[in-house]
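How does the following fold in three dimensions:
(one chain, ligands or ions: 1)
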Amino acid sequence: MNRFRLSPLLRWTLVLLAMFALVSPAAAELREYGLWWTPEAATKGAHHVDNLFVFIFWLTAIVFVATQAVYVWFLIKYRRKRGVPAHYSHGNNTLEIWWTIIPAAIFIGLVIWSNRIWYRELRAPAPADSIQIDLVSYQYGWHVRNPGSDGKLGAYKAQLTAKENWFGTEPDDEAGRDDYQSEGIVTVPVGRPVHILLRSLDVIHAFYVPEFRMYQDAIPGRMIDWVWFEATKIGNYELACSQLCGSGHYNMKAKMNVVSQEEYDKFVREKSKAAAIEFEKKKAAQAAPPAVAPAATAETVSPPAAPAVAAR
Ligand SMILES: [Cu+2]
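Residues are numbered from 1 along each chain as shown. Prediction:
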């Protein structure tokens with residue numbers, strides 16, 4: 001029997017290996033590069049977020065290693081020894097004051113630093129020449145409304161939001177003539193600011209593009225208008241909902257395609273043309289005289305006449 005007993009060291013090594021094997025799939029992600037670090041940043045200003053991230057990463061890494069090393073060293077140094085009486089420490093006020101002040105100062109510094117990034121980079125008003133894109137999240141996907149060649153989105157009213165009009169657009173707003181819609185694909189040009197109007201039709205979702213270093217919740221009943229970015233690299237990214245929003249959440253994503261300005265212009269021209277034809281068709285259908293009402297028959301039940309209101 002004793003033949004199969006493992007040494008304590010080997011036993012612990014096996015336990016650690018098993019734990020690592022269980023945890024490692026969590027790091028698995030559909031990415032071909034940089035598995036051990038953040039994906040490449042692809043927007044102007046993203047490096048501010050990265051700097052903060054890298055600083056916190058190394059700060060916590062160094063503190064972790066240093067405290068664990070001291071901990072292990074003390075465990076060995078002050079272990080039980082024959083003939084050495086136990087020493088009961090009642091603390092050291094000076095030391096405690098310092099190890100409270102230093103971390104507090106670091107945390108306050110991080111708050112100031114991160115708030116500056118938040119307000120200067122992420123909450124700054126979108127530039128006037130931004131392309132506005134209306135992004136409506138729902139369980140489980142993204143409706144996208146893009147401005148056409150005129151560069152202007154048609155007006156919308158929250159009250160008009162309905163099953164067949166999820167953007168709540170005003171049907172006869174001329175600015176909406178060339179607006180085109182897409183399902184789950186956002187196409188933007190590189191090097192131009194893009195202003196996202198973020199909405200939700202049902203529950204809380206989140207706009208999250210890792211390469212853009214951007215995260216913002218979409219909240220039902222509210223239009224979030226401070227999300228904007230300027231992509232610096234052409235590429236196909238993924239916009240993934242990052243709020244657990246229901247059973248289909250795992251698959252709630254959209255394509256975020258950053259293309260060259262020429263390609264974008266060509267794309268918009270084509271889409272706008274088709275959208276304008278659609279717009280005219282809808283308008284014509286609305287303007288057409290209503291079909292003649294069928295004559296009332298004996299079976300037709302007419303609603304009771306409304307009581308006349310006395311004129312004053
Ligand atoms: Cu979700």
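
hey, let's count contacts and neighbours off CA atoms from now on
Fine.

okay, residue 291: pLDDT?
Note on residue 291: pLDDT of 54.

How about residue 53?
94.

which strands and helices sit next to the lowest-mean-pLDDT helix or strand in the chain?
Least confident helix or strand, the chain: helix 261-287 with a mean of 80, by mean pLDDT, DSSP states H and E. The contact analysis (3 or more Cα pairs under 8 Å, 6 or more residues apart in numbering; DSSP states H and E) places helix 261-287 against strand 180-183, strand 185-189.

Would you mind finding the most buried of those?
strand 185-189 (a mean of 21; mean count of other Cα atoms under 10 Å).

angle of the helix or strand residue 143 falls within against helix 261-287?
Per DSSP states H and E: residue 143 is located in strand 141-146. Counting by axes from the mean of the first three to the mean of the last three Cα atoms, to 10 degrees, strand 141-146 points 90 degrees away from the direction of helix 261-287.

If you compare the directions of the least confident helix or strand of the chain and strand 185-189, what angle comes out?
Going by the same axes, to 10 degrees, helix 261-287 makes 130 degrees with strand 185-189.

other SSEs contacting the lengthiest helix in the chain?
Determined from DSSP state H, the single longest helix within the chain is helix 46-77. Contact partners of helix 46-77 among helices and strands, from 3+ Cα pairs under 8 Å, 6+ apart: helix 93-117.

Show me which positions of the helix it packs on end up buried.
Buried residues in helix 93-117, counted by 16 or more other Cα atoms under 10 Å: 114, 117.

ok, back up a step: would you turn the helices and strands packed on helix 261-287 into a markdown table with mean pLDDT?
Formatted as a markdown table, these follow (pLDDT from 0 to 100):
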| stretch | mean pLDDT |
| --- | --- |
| strand 180-183 | 85 |
| strand 185-189 | 93 |
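
Which among the ones you listed is found nearest to residue 10?
If you check each of the helices and strands packed on helix 261-287 against residue 10 by Cα to Cα, strand 185-189 wins as the nearest, at 52.2 Å.

Pull out the CA atoms of the closest one and give them to me as CSV.
The C-alpha trace of strand 185-189 is given here as CSV (Å, rounded to 0.1, in the frame of the first residue of the first chain):
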residue,chain,number,x,y,z
ILE,A,185,-23.0,45.9,-37.9
VAL,A,186,-21.5,49.3,-37.2
THR,A,187,-19.4,50.7,-40.0
VAL,A,188,-17.3,53.8,-39.2
PRO,A,189,-14.4,55.5,-40.9
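
Strand partners (parallel or antiparallel) of the helix or strand following that strand?
Tracing the chain C-terminally past strand 185-189 and defining elements by DSSP H and E, one meets strand 193-200 next. Sheet pairing for strand 193-200, assigned by DSSP bridges, gives strand 131-138 (parallel), strand 224-230 (antiparallel).

The ion is nearest to which of these?
The ion sits nearest to strand 131-138 of all these, at 8.6 Å, using Cα to the ion.

and that closest one, anywhere near the ion?
No. Shown here: strand 131-138 not in contact with the ion (Cα under 5 Å from the ion), separated by at least 8.6 Å.

Same list (the helices and strands packed on helix 261-287) but as a markdown table, adding distance to the ion.
Shown next, in a markdown table, are the helices and strands packed on helix 261-287 (distance: least, Cα to the ion, whole Å):
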| stretch | distance to the ion |
| --- | --- |
| strand 180-183 | 16 |
| strand 185-189 | 16 |
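
how about CSV for the strands paired with strand 193-200, with mean neighbour count and mean pLDDT added?
Formatted as CSV, those follow (neighbours: other Cα atoms under 10 Å; pLDDT from 0 to 100):
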stretch, mean neighbour count, mean pLDDT
strand 131-138, 23, 92
strand 224-230, 20, 91
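
Since that was my last question, I'll sign off now.
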